[in-house]
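J.: Please work out how this folds:
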Amino acid sequence: MQFAENPRLANDAVILEPLSHQWTSDLQEAVASQELWRHWFVALPTPEGMAEEIDRRLAEHEDGLCAPWAIISTATGRAVGMTSFHTLDHANRRLEIGRTWMSAHVHGAGINPAVKFLQLERAFEVLGVNAVEFRTNWHNHRSRAAIERLGAKQDGVLRKHKIHPDGTVRDTVIYSITNDEWPAVKLTLLERMHRRLQVPTMPNEKAFFDAS
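T.: As a prediction, the model looks like this:
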């Protein structure tokens, strides 16, 4: 159950709160921004399906299969997305960070690196994992670029890996960061977050998601 624990995590930019229905209305509003669920290359809940998605993640958490969080902006105190640890492999000390999405209104505001810093710090420094994995759709170029900016390295591509409900077939790109690489990745993320605090920029209207 250790990898599936989801304590509150926080820094200056973001708070990761244990996922609950407390955040349902915020998350409905967040996913409605630019109708994120309509992108064909991701599988995101609709506003109407948000409560069901929260139930699904909470059920997996209860079974020890994932650690789900709501992403809270410290600037507003409102939930702007969701993320989780999943594909938990205690025997080999590996886990995946994914099922992540954030409102279009916070992309470019430094939320994603702040979220990933908290998750990676917990994974490597508290849980002692050997590697953290990221997966995304081959065609999700924004997500791939964001993962690569973290310092993750591409491990490979699972071709024709998944069939979406609309019948399209997904190629899945797999990335990872190892415990040996974490110190350098940590310094890079700290520098990015420091720059963001020193020179704030206006977020643009493009969404981030690496829902896997």
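J.: C-alpha only now, for contacts and for neighbours.
T.: Noted.
J.: Distance of the residue with the largest distance to the centre of the chain relative to Asn140?
T.: Distance from the centre of the chain peaks at Gly167, with 24.9 Å (Cα atoms, centre = their mean). Per Cα to Cα, to the nearest Å, Gly167 is found 17 Å from Asn140.
J.: Okay, now the unreliable bits of the protein?
T.: Scanning the chain with the threshold set as pLDDT under 70 gives 1, 34-42, 108, 196-212.
J.: centroid residue for it?
T.: Ranked by distance to the mean C-alpha position of the chain (Cα atoms, centre = their mean), the top residue is Thr100 at 3.1 Å.
J.: Val169 versus the residue nearest to Phe134 when sequence neighbours are not counted, what's the distance?
T.: Among residues not flanking Phe134 along the chain, Tyr175 sits closest, at 5.0 Å (Cα to Cα, 6 or more residues apart in numbering). From Tyr175 across to Val169, the span is 20 Å (Cα to Cα).
J.: neighbour count winner among those two?
T.: A side-by-side neighbour count of Tyr175 and Val169, using other Cα atoms under 10 Å, places Tyr175 first with 21 against 15.
J.: Strands of this protein, start to end?
T.: Using DSSP state E, the strands of the chain run over 9-10, 14-18, 67-73, 79-89, 94-102, 131-137, 153-163, 169-178, 208-209.
J.: Return the angle between stretch directions for the second one and strand 67-73.
T.: Which is strand 14-18. Here the directions of strand 14-18 and strand 67-73 differ by 140 degrees (axes from the mean of the first three to the mean of the last three Cα atoms, to 10 degrees).
J.: Quick one: distance of strand 14-18 to the chain centre.
T.: 12 Å (Cα atoms, centre = their mean, to the nearest Å).
J.: next one: the fourth one
T.: Centroid separation for strand 79-89 versus its chain: 6 Å, with Cα atoms, centre = their mean.
J.: Give me the angle between that strand and strand 67-73.
T.: Interaxial angle, strand 79-89 versus strand 67-73 (the same axes, to 10 degrees): 150 degrees.
J.: Can you point out the buried residues in strand 79-89?
T.: For strand 79-89, the neighbour count (16 or more other Cα atoms under 10 Å) marks 79-88 as buried.
J.: Adding distance to Gly49 as columns, could you present those in a markdown table?
T.: A markdown table is the format used below for the buried residues of strand 79-89 (distance: Cα to Cα, whole Å):
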| residue | distance to Gly49 |
| --- | --- |
| Ala79 | 16 |
| Val80 | 16 |
| Gly81 | 14 |
| Met82 | 14 |
| Thr83 | 17 |
| Ser84 | 18 |
| Phe85 | 21 |
| His86 | 21 |
| Thr87 | 23 |
| Leu88 | 25 |
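J.: Can you tell me which of the residues you listed lies closest to Ala184?
T.: Closest to Ala184 out of the buried residues of strand 79-89 is Phe85 (21.6 Å), distances taken as Cα to Cα.
J.: thinking again about what came up before, redo the strands of the chain as JSON lines? Include distance to Glu60.
T.: Shown next, in JSON lines, are the strands of the chain (distance: least, Cα to Cα, whole Å):
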{"stretch": "strand 9-10", "distance to Glu60": "20"}
{"stretch": "strand 14-18", "distance to Glu60": "13"}
{"stretch": "strand 67-73", "distance to Glu60": "8"}
{"stretch": "strand 79-89", "distance to Glu60": "9"}
{"stretch": "strand 94-102", "distance to Glu60": "13"}
{"stretch": "strand 131-137", "distance to Glu60": "19"}
{"stretch": "strand 153-163", "distance to Glu60": "20"}
{"stretch": "strand 169-178", "distance to Glu60": "22"}
{"stretch": "strand 208-209", "distance to Glu60": "20"}
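J.: Thank you, goodbye.
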